[in-house]
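Participant: Sequence plus the predicted model coming up.
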Amino acid sequence: MKNAFRIVAVSTALLLSCASADSGSLLISEDREIQMGGEYNSQLLQEMPVYTGDVRVNDYVTQVGNALAVNSGRPTLPYHFTVVDSEEINAFAVMGGYVYVTTGLLRASASGAEVATIVAHELGHVSARHGVRAMETYLIEKGLTDLLFQGDQTRQLVQGALSTLSLLTFSKDQEREADSLGVQYAAATQWNPWGIIDFFTYLEDAGGGPSSGGVLSQIGELFSTHPANPERIANVTAELEGMGIAKDDPDYRKGLPSEDSGFAAMKAALGG
Ligand SMILES: [Zn+2]
């Protein structure tokens, strides 16, 4: 039963992401996307400190991320999972398989399933090529598409794109799609996908989180008000009920500190 569901969930995820990826990413090839992602990464890391404390923190996120990526719509991309040292509660992804979570988010998380479902949501954006589409729209609107074919203009293109940080924030429909893809990747990896509802409920109750005012707070992502948390919670709840996954479904891991030593070690390394 468990395995049968797993296969169904994986193929649904693949179908969904292929369906969304097929409709119009023509300008930017996958190789170019990976190259641009690398450039985004180096430019972003000039403005955001990478967490370099206890290696168990980075290891945990990378391990969780890689396992989910295998079950995502683009399992062969070279993924990079980075922990950003910031009390802001946030996570985001850029094209080419670069995914970031903050120490603030990890500290706020109560279970491995919460971390995994947030990372899975970000992988949903990568699989559906939301960042690529945003970049293509930007290049078309600015009349810059020729630059894609004139030698290596990657650095300049990414610099220009980063000056408009809205490129890192997605539309309401894209957020819904990433939520939907994310719960499927999480379920296919045997994480309890209700984790994302637990986390959104926590965010709703906490009324947001601390803001650094820096580049991270300009990247809306988790806190982008569209769709509002209650709407996302309702949408995902309906989807999980449709998938027949219960909150306490024994087939799916919650990853509570008492049962997930990796999560417990990560939390301990960050000071609980
Ligand atoms: Zn998102």
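Facilitator: Everything's here; your move.
Participant: Count the residues that sit near Gly151.
Facilitator: 6 (other C-beta atoms under 10 Å). In this view, the C-beta of every residue, glycine as well, is placed from N, C-alpha and C.
Participant: Identify each buried residue in the one helix or strand Ala234 maps to, please.
Facilitator: Secondary-structure assignment from DSSP states H and E places Ala234 in helix 229-243. For helix 229-243, burial by neighbour count (16 or more other C-beta atoms under 10 Å) applies to 229, 232-233, 235-236, 239-240, 243.
Participant: Out of the residues you listed, which comes closest to the ion?
Facilitator: Arg232 (9.6 Å; C-beta to the ion).
Participant: The closest one reaches Asp179, doesn't it?
Facilitator: Yes: shown here, Arg232 and Asp179 form a contact pair, counting by C-beta atoms under 8 Å, at 5.9 Å.
Participant: Now do the contacts for the most centrally placed residue in the chain.
Facilitator: With distances taken as C-alpha atoms, centre = their mean, Glu122 lies nearest the centre of the chain, 1.2 Å away. Going by C-beta atoms under 8 Å, 6 or more residues apart in numbering, Glu122 touches 91-93, 99-101, 178, 182.
Participant: got a pLDDT number for it?
Facilitator: Here, the pLDDT recorded for Glu122 equals 96.
Participant: do the same with Ser127
Facilitator: pLDDT, Ser127: 97.
Participant: just Gln156 next, same as before
Facilitator: Gln156 is given a pLDDT of 86.
Participant: Just the element for it, please.
Facilitator: Assigned by DSSP H and E, Gln156 falls in helix 154-162.
Participant: Work out the gap between the helix or strand just after that helix and the centre of the chain.
Facilitator: Remark: after helix 154-162, the chain's next helix or strand is helix 172-188, criterion DSSP H and E. Helix 172-188 sits 9 Å away from the centroid of its parent chain (C-alpha atoms, centre = their mean, to the nearest Å).
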